[in-house]
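A.B. asks: Below are the sequence and a predicted model for it; my questions follow.
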Amino acid sequence: MKNVRRGDLLAKSAGVFVAYTAIMLSIERRLRRGGGPGIIAFELAGTASRAEVMLDAWGPEGRRFARLSMWLDFGYMASYGALLAVWLDRVRRRRGHSAVLPVLVVVAVAGDAVEGVSLLKVLNGNRVAANARRARTAALAKFTVLAGCLGYIAARSSVLFRR
């Protein structure tokens, strides 16, 4: 019975993530429509000059979409965080590994939250250099932890498929 509920939770989390991803990709297309960069490039800008070049390329409409993307990203964090935590927990239970593994998802989501707040400050012109640096550092931490979690899932799932 517990496995059925976990399976349902994984499926529901995946559904929410896919729906949210569609929304975020729609905003991404609008950002790029005017020839500007995507939001990940903005997350990784790292300097005031790079961030300002991107803001100029987007223009007022693109900046509105970037701001919308940043605000919606807080919900997106919850959607990918829930999916990844449930998926990671499922794989680690099957392998008998530490219950601490899903906590890594909290680290990734926290990094994403720091990044989001920092980028909103960049969009508002507040301490652009410091916030662009902070956003990049947080984004790199987030991507590193997410890659590690997904690598664990892939490696451990492939072991399960071989059996």
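C.D. replies: Great, that's in hand. Residues are numbered from 1 along each chain as shown.
A.B. asks: Return the residues in contact with residue 23.
C.D. replies: Each residue near residue 23 by C-beta atoms under 8 Å, 6 or more residues apart in numbering is listed here: residue 72. Every C-beta, even on glycine, is put in place using the N, C-alpha and C of the backbone.
A.B. asks: Could you report the distance from it to residue 17?
C.D. replies: Residue 23 sits 11 Å away from residue 17, going by C-beta to C-beta, to the nearest Å.
A.B. asks: do the same with residue 62
C.D. replies: Distance from residue 62 to residue 17, by C-beta to C-beta: 25 Å.
A.B. asks: what about the helices in this structure?
C.D. replies: 2-33, 39-43, 48-95, 103-123, 128-162 (DSSP state H).
A.B. asks: Show me which positions of the last one end up buried.
C.D. replies: Spelled out, it's helix 128-162. 128, 131-136, 138-139, 141-143, 145-146, 149, 152-153, 156 (16 or more other C-beta atoms under 10 Å).
A.B. asks: Residue 136 - nearest residue in space that isn't next to it in sequence?
C.D. replies: residue 46 (3.7 Å; C-beta to C-beta, 6 or more residues apart in numbering).
A.B. asks: Number of residues surrounding that neighbour?
C.D. replies: By the criterion of other C-beta atoms under 10 Å, residue 46 has 17 neighbours.
A.B. asks: Phi and psi next, for it.
C.D. replies: Per-residue torsions, residue 46: phi 80, psi -20 (degrees, to the nearest 10).
A.B. asks: got any ranges where the protein has weak pLDDT?
C.D. replies: Filtered on pLDDT under 70, the chain yields the residue ranges 1-4, 6-7, 158-163.
A.B. asks: Just give the closest residue to residue 57, not the sequence neighbours.
C.D. replies: In space, residue 57 is closest to residue 36, 3.9 Å off (C-beta to C-beta, 6+ apart).
A.B. asks: What is the burial count for the one you found?
C.D. replies: Using other C-beta under 10 Å, residue 36 has 23 neighbouring residues.
A.B. asks: Please name the residues that touch it.
C.D. replies: Contacts for residue 36 (C-beta under 8 Å, 6+ apart) come out as 54, 57, 58, 59, 62.
A.B. asks: Can you give me the distance of it to residue 124?
C.D. replies: Using C-beta to C-beta, we find residue 36 at a distance of 18 Å from residue 124.
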